[in-house]
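Enquirer: Just the structure for this:
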Amino acid sequence: MVDLTSLWLPILLSAVVVFIISSVIHMLLPWHKSDYKKIPDEGKVLDTLRPFNILPGDYMAPLASSMEDMKSPEFAEKMKKGPVVIVTVKPNGMWKMGPTMFLWFLYSVVVGFFAAYIASHALPVGAHYLQVFRFVGATAFMGYTFALWQFSIWYGRSWSTTIKATIDGLLYALLTAGVFGWLWPK
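Expert: Below you'll find the model as predicted:
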């Protein structure tokens, strides 16, 4: 067993590496440009929605208020007529990237922490690089990807977007595992 406090450097360094690589993937490469589609006649749709002053949050329409309501002919007609939407409304104005980037870095630290926690209980000081790589990589992969699939399964998120994000997560996990394997206590 390895003392978790001896793994602070690989936890932080792997988060830095993931942060840099994810920034390159999302800002410089065209990999995620097709993740979202533009709404037809966007201006008209936004002009129509604006008077409702919808607060930031997650919404679904049509939305049944109960199981009874879901079985009603009126609700069935709304679903048939459509559109059926799940949408996230963000606050008006430009995105504030600073807080978002900080939260992403913090998330990467948390993934690294849990990968370190599991590996530190499974492996001894001086463990072989590939053993460390295997434990940390599998744990980090779960941390970066498993929750993504729920959104395609339950909420209809595009499978291509989920698969691309899973591939990103695999890359982040491999990088995290490499840093831990390199810096594992001898």
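Enquirer: Just the helices from this protein, written as ranges.
Expert: Remark: helices assigned in the chain by DSSP state H are 8-27, 42-49, 67-70, 73-81, 97-122, 129-145, 148-155, 159-183.
Enquirer: Deepest in the core, which of those is it.
Expert: Mean neighbour count, computed with mean count of other C-beta atoms under 10 Å, is highest for helix 129-145 among the helices of the chain, reaching a mean of 20. C-beta: built from backbone N, CA, C; applies to glycine.
Enquirer: And the contacts of that one?
Expert: 14, 110-112, 114-116, 118-119, 122-123, 165-166, 168-170, 172-174, 176-178, 180-182, 184 (C-beta atoms under 8 Å, 6 or more residues apart in numbering).
Enquirer: Which pLDDT value belongs to the residue of the chain positioned farthest from its centre?
Expert: The centre of the chain is farthest from one residue, Pro73, which by C-alpha atoms, centre = their mean lies 37.0 Å away. Pro73 carries a pLDDT value of 95.
Enquirer: what residue lies at the spatial centre of this protein?
Expert: Central residue of the chain (C-alpha atoms, centre = their mean): Leu148, at 5.9 Å.
Enquirer: gap between that residue and Leu4?
Expert: 27 Å (C-beta to C-beta, to the nearest Å).
Enquirer: What of Ser108?
Expert: Taking C-beta to C-beta, one finds Ser108 at 17 Å from Leu4.
Enquirer: List phi and psi for Arg185.
Expert: Quick fix: residue 185 is Pro, not Arg. Per-residue torsions, Pro185: phi -60, psi 140 (degrees, to the nearest 10).
Enquirer: And the pLDDT for it?
Expert: In this prediction, Pro185 has a pLDDT value of 97.
Enquirer: Who are the contact partners of Tyr59?
Expert: Applying C-beta under 8 Å, 6+ apart, the residues near Tyr59 are Val85, Ile86, Val87, Thr88, Val89.
Enquirer: Out of these, flag the one nearest to Trp104.
Expert: Thr88 (16.9 Å; C-beta to C-beta).
Enquirer: For the closest one, give the beta-bridge partners.
Expert: Asp58 (DSSP bridges).
Enquirer: burial count for it?
Expert: 8 (other C-beta atoms under 10 Å).
Enquirer: what sits against it?
Expert: Gly57, Asp58, Tyr59 are the contacts of Thr88 under C-beta under 8 Å, 6+ apart.
Enquirer: That one and Thr166, how far apart?
Expert: Relative to Thr166, Thr88 is positioned 20 Å away (C-beta to C-beta).
Enquirer: With Gln131 instead?
Expert: For Gln131, the distance to Thr166 equals 24 Å [C-beta to C-beta].
Enquirer: Next: Pro40.
Expert: For Pro40 relative to Thr166 (C-beta to C-beta), the value is 29 Å.
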